[in-house]
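Engineer: build me a model from this:
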Amino acid sequence: MTPIARHCDTLVLPGIDGTNPLGFLAAVGLLRLLDAANRDAGEGDPTVSPPLLRWVEARGSWRPQIRGEGVTDTKALVAIVLPRLKSIFTKPPFVAVDGSTQLSDTLKVLPQDFRAMAEVAVRRSRAGDRDWTDWMAALASETSTRRNAQECMKCSFDFTAGQQRFLPMARAIIEQCDDSRLERCLVKDWSYLDTGESLRWDPIDESRRYAHSAVDPTNASKNPIQTDFAANALGFAALPLFPIVGRASLGFTPRRDAFRWPIWEGWVSTRSIPSIVLLSALHAATADTGLLRARGILAVFESSVVLPVGYYRNFTPAKRVA
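Structural biologist: From the prediction side, this is the model:
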């Protein structure tokens with residue numbers, strides 16, 4: 001847990017539900033963007049306090065509470081993080097610089113090619129700015145290959161299939177995210193007013209099954225995807241906190257068929273989140289609630305990965321496992 005800095009404002013975000021996998025990702029993605037923006041503004045000043053996140057009970061669920069400099073209200077928070085969100089696809093590894101190679105839109109890459117890209121990222125990284133290397137570690141891994149293929153193992157959060165392409169889909173979502181959408185996502189219940197692209201991390205998409213629908217759920221004109229662009233955009237921004245470990249992204253089971261995440265009570269910085277998600281007690285078959293509580297974990301939730309329509313994966317509604 002991180003010591004609380006002085007003279008920082010706190011803000012509860014009632015629109016984000018921590019029991020929803022997309023809600024959890026959106027909250028930590030927001031924290032990561034705020035942290036990056038503060039680092040840029042501080043220009044390496046060690047006295048700049050990192051933003052912090054904890055979970056509080058509000059409106060019948062777990063809601064994120066943000067603590068940071070300048071976070072006086074939601075509009076101020078949006079003004080800080082939106083430019084950083086919009087800049088994601090203007091930097092490596094999503095664009096080529098100085099002879100480097102950008103990642104393919106489908107994340108299909110040979111191990112030797114990925115390793116060469118990663119080596120460039122490591123050389124260009126510096127203390128306080130690991131974005132390039134963190135994105136590389138989150139999106140693919142050359143230490144493990146996909147089944148029946150020679151390509152690198154892809155990010156477990158990539159739920160695309162067929163002609164869909166993960167990175168262009170995320171880019172399109174971020175492009176459509178504006179200040180009003182972002183503020184609405186943070187303070188209001190998600191009403192899913194947006195139609196179009198979805199990264200399929202919200203269990204609401206799991207309801208689009210053939211047996212439960214009057215029309216073909218794959219027919220975009222008769223049954224359009226209803227989504228929240230801002231929530232998906234913030235969730236995508238969280239991915240560098242979930243590097244691939246072995247054959248799966250952090251938080252996923254080794255078989256990549258479920259994702260588990262914690263709700264904590266103490267103030268936590270961006271850097272602490274991967275360590276918390278990786279806690280062995282979090283992933284035990286039988287939860288030791290006493291041990292979890294001693295470590296500040298209030299609850300643990302899990303969503304399975306299912307294929308409600310063909311090859312398109314989705315999270316199921318979360319169940320509390322601790």
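Engineer: now the top helix by length along the chain: average pLDDT?
Structural biologist: Longest helix of the chain, by residue count under DSSP state H: helix 21-42. On average, the pLDDT along helix 21-42 is 94.
Engineer: show me which positions of it end up buried.
Structural biologist: Neighbour-count burial for helix 21-42, counted by 16 or more other Cβ atoms under 10 Å, picks out 21-39. No exception for glycine: its C-beta is placed from N, CA and C like everyone else's.
Engineer: ok, stretch 160-176 next?
Structural biologist: Result for stretch 160-176 [16+ other Cβ under 10 Å]: buried residues 160, 164-167, 169-171, 173-174.
Engineer: and if you look at stretch 237-247?
Structural biologist: 237-245, 247.
Engineer: from the residues you listed, pick the one nearest residue 294.
Structural biologist: Set against residue 294, the nearest of the buried residues of stretch 237-247 by Cβ to Cβ is residue 241 (23.5 Å).
Engineer: close enough to count as contact, that closest one and residue 275?
Structural biologist: No: using Cβ atoms under 8 Å, residue 241 makes no contact with residue 275, being 10.2 Å away.
Engineer: mind listing the strands for this protein?
Structural biologist: All strands of the chain, identified by DSSP state E, fall at 9-12, 52-58, 61-68, 140-145, 152-154, 194-195, 226-227, 244-245, 248-249, 258-264, 297-309, 312-315, 319-320.
Engineer: next, format the ones you listed as JSON lines and append mean pLDDT and distance to residue 203.
Structural biologist: Listed next are the strands of the chain as JSON lines, based on pLDDT from 0 to 100; distance: least, Cβ to Cβ, whole Å:
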{"stretch": "strand 9-12", "mean pLDDT": "95", "distance to residue 203": "23"}
{"stretch": "strand 52-58", "mean pLDDT": "98", "distance to residue 203": "19"}
{"stretch": "strand 61-68", "mean pLDDT": "97", "distance to residue 203": "14"}
{"stretch": "strand 140-145", "mean pLDDT": "87", "distance to residue 203": "26"}
{"stretch": "strand 152-154", "mean pLDDT": "92", "distance to residue 203": "22"}
{"stretch": "strand 194-195", "mean pLDDT": "91", "distance to residue 203": "17"}
{"stretch": "strand 226-227", "mean pLDDT": "88", "distance to residue 203": "12"}
{"stretch": "strand 244-245", "mean pLDDT": "94", "distance to residue 203": "23"}
{"stretch": "strand 248-249", "mean pLDDT": "96", "distance to residue 203": "18"}
{"stretch": "strand 258-264", "mean pLDDT": "98", "distance to residue 203": "11"}
{"stretch": "strand 297-309", "mean pLDDT": "91", "distance to residue 203": "7"}
{"stretch": "strand 312-315", "mean pLDDT": "90", "distance to residue 203": "5"}
{"stretch": "strand 319-320", "mean pLDDT": "97", "distance to residue 203": "11"}
